[in-house]
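Visitor: coords below, sequence missing:
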């Protein structure tokens, strides 16, 4: 059978999206070993609805069985908390790997993976597609040579939307910093790649949105991101030292560009970012492209993990403080902002504790709020009479062991003094 054997690890929405794009590369990929621990029925249905899909897809319920087939390369699109251990297993088995962002959830783990890949002389790349997206590079060329002094970025998502025919719910089990900040880091890297982002301030905003202030050389970036917005938004606005401006609104790709207030032509044709990064990875695997030249080489993307970790750790403190302050005013954890801050800090803890949360689980917010109420000893908590008492006790245990909970207790004690 012609073409390489590629392992695709992960059977969620992103796994299905990757599978659809990988099917376009049948001349280069002979077999796809599709691995999922939980979603085999969904993948079987996906393949049944795409019977002519090529290359040949083969389903596996565990990674070890797929590795026995000696894949030439792998793509990892599992839950963010599984990225680092999955990538390490692949590298130790000699498999070059492309991993969805984030590479890892902390800089120490990310550096370990980079060093492991280097010792074994294996390609390790991170799927940060904005580093090479055609329309963002085109935007950069339109104002090249001008000194940027101010950067405003908005990256907003609704709780639910349909993207390319797939229902997309907010991914509550990935911390919003780990989910979004790597994209923001990529944008800043394209705009001003010679400067390292320095986090200046992290401010909680309504409905779990976040405002960041970042120093980038002589520029100051203000970034707003969130995943409970009324509608999707992707917008960049630059201010130049000479008084001019440039804007890119890529809410609908490839977007609209204006420089100094005048609309500019965008690309008449552009490559889908996901297809571009897969093509580049395959070029690295077959040796037609030097991995050292790739901006998505993991060693060059450590800054994305560093910035995400810094935002996440500071945001835990700021949101815990915001919750206690708001509770002192309104007294209810069911306040929309309070519940958003709580869920955004607790839900990402669940996968690592073995607790699954299905996409679009409408009851998870209420269950988490109830468990937090019980954990801090609120009177008349409804958790004890819940039919999901076992899950509730597990949730309470997870919450009470977290740094977020310790901060809630600390700030609450300070307010009550």
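Guide: Happy to help now that I have it. These numbers come from a predicted model, not from an experiment.
Visitor: Now the longest helix belonging to the chain: average pLDDT?
Guide: Ranked by number of residues, the top helix in the chain under DSSP state H is helix 302-330. Averaged across helix 302-330, pLDDT comes to 96.
Visitor: Remind me what it packs against, helices and strands.
Guide: Applying 3 or more Cβ pairs under 8 Å, 6 or more residues apart in numbering; DSSP states H and E, we find helix 302-330 packed against helix 107-119, helix 176-191, strand 198-204, strand 210-216, helix 336-346, helix 403-416. No exception for glycine: its C-beta is placed from N, CA and C like everyone else's.
Visitor: Okay, angle between the last one and helix 302-330 too, please.
Guide: It refers to helix 403-416. 40 degrees (axes from the mean of the first three to the mean of the last three Cα atoms, to 10 degrees).
Visitor: where does helix 403-416 sit relative to the chain's centre, distance-wise?
Guide: In terms of Cα atoms, centre = their mean, to the nearest Å, the centre of helix 403-416 is found 28 Å from the chain centre.
Visitor: Give me the buried stretch members for it, please.
Guide: 404, 405, 407, 408, 411 (16 or more other Cβ atoms under 10 Å).
Visitor: contacting residues around the second one?
Guide: Looking back up the chat, that one is residue 405. The contact partners of residue 405, taken as Cβ atoms under 8 Å, 6 or more residues apart in numbering, are 372, 375, 376, 399.
Visitor: Looking at neighbours, which among those is most surrounded?
Guide: residue 372 (27 neighbours; other Cβ atoms under 10 Å).
Visitor: what's the strand or helix carrying it packed up against?
Guide: According to DSSP states H and E, residue 372 maps onto helix 364-375. Applying 3+ Cβ pairs under 8 Å, 6+ apart, one finds that helix 364-375 contacts helix 336-346, helix 389-400, helix 403-416.
Visitor: any idea which of those scores lowest on pLDDT?
Guide: helix 389-400 (a mean of 82).
Visitor: hmm, who's touching that one?
Guide: With Cβ under 8 Å, 6+ apart, helix 389-400 has contacts from 346, 349-350, 353, 355, 367-368, 370-372, 374-375, 383-384, 386, 405.
Visitor: between it and helix 336-346, how many degrees?
Guide: Computed by the same axes, to 10 degrees, the angle between helix 389-400 and helix 336-346 is 90 degrees.
Visitor: tell me which residues in helix 389-400 are buried?
Guide: The neighbour-count criterion (16+ other Cβ under 10 Å) identifies 392, 394, 395, 396, 398, 399 as the buried residues of helix 389-400.
Visitor: and what of stretch 217-225?
Guide: Under 16+ other Cβ under 10 Å, the buried positions of stretch 217-225 are 219, 220, 221, 222, 223, 224, 225.
Visitor: Chain neighbours aside, what residue packs nearest to the fourth one?
Guide: Of all residues beyond its chain neighbours, the one nearest residue 222 is residue 152 (5.3 Å), with distances taken as Cβ to Cβ, 6 or more residues apart in numbering.
Visitor: For that neighbour, grab the count of nearby residues.
Guide: Residue 152: 16 neighbours (other Cβ under 10 Å).
Visitor: and if you look at residue 325?
Guide: 12.
Visitor: same thing with residue 173?
Guide: Residue 173, neighbours per other Cβ under 10 Å, totals 22.
Visitor: Look at it and give its secondary structure.
Guide: coil (DSSP: H, G, I helix; E, B strand; the rest coil).
Visitor: so it touches residue 351, yeah?
Guide: Yes: Residue 173 is within contact range of residue 351, at 5.1 Å (criterion: Cβ atoms under 8 Å).
Visitor: Mind listing the shared neighbours of those two?
Guide: Joint contacts of residue 173 and residue 351 (Cβ under 8 Å, 6+ apart) are 79, 81, 357.
Visitor: Just the buried residues of those residues.
Guide: Buried among the shared contacts of residue 173 and residue 351 (16+ other Cβ under 10 Å): 79, 81, 357.
Visitor: Which single one of those residues is nearest to residue 169?
Guide: Set against residue 169, the nearest of those by Cβ to Cβ is residue 357 (10.3 Å).
Visitor: how close does the closest one get to residue 197?
Guide: As judged by Cβ to Cβ, to the nearest Å, residue 357 and residue 197 stand 31 Å apart.
Visitor: picking up where we left off before, export the helices and strands packed on helix 302-330 to a markdown table and tack on distance to residue 241?
Guide: Putting the helices and strands packed on helix 302-330 into a markdown table (distance: least, Cβ to Cβ, whole Å) gives the following:
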| stretch | distance to residue 241 |
| --- | --- |
| helix 107-119 | 33 |
| helix 176-191 | 14 |
| strand 198-204 | 19 |
| strand 210-216 | 14 |
| helix 336-346 | 37 |
| helix 403-416 | 41 |
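Visitor: With that, I have no additional questions.
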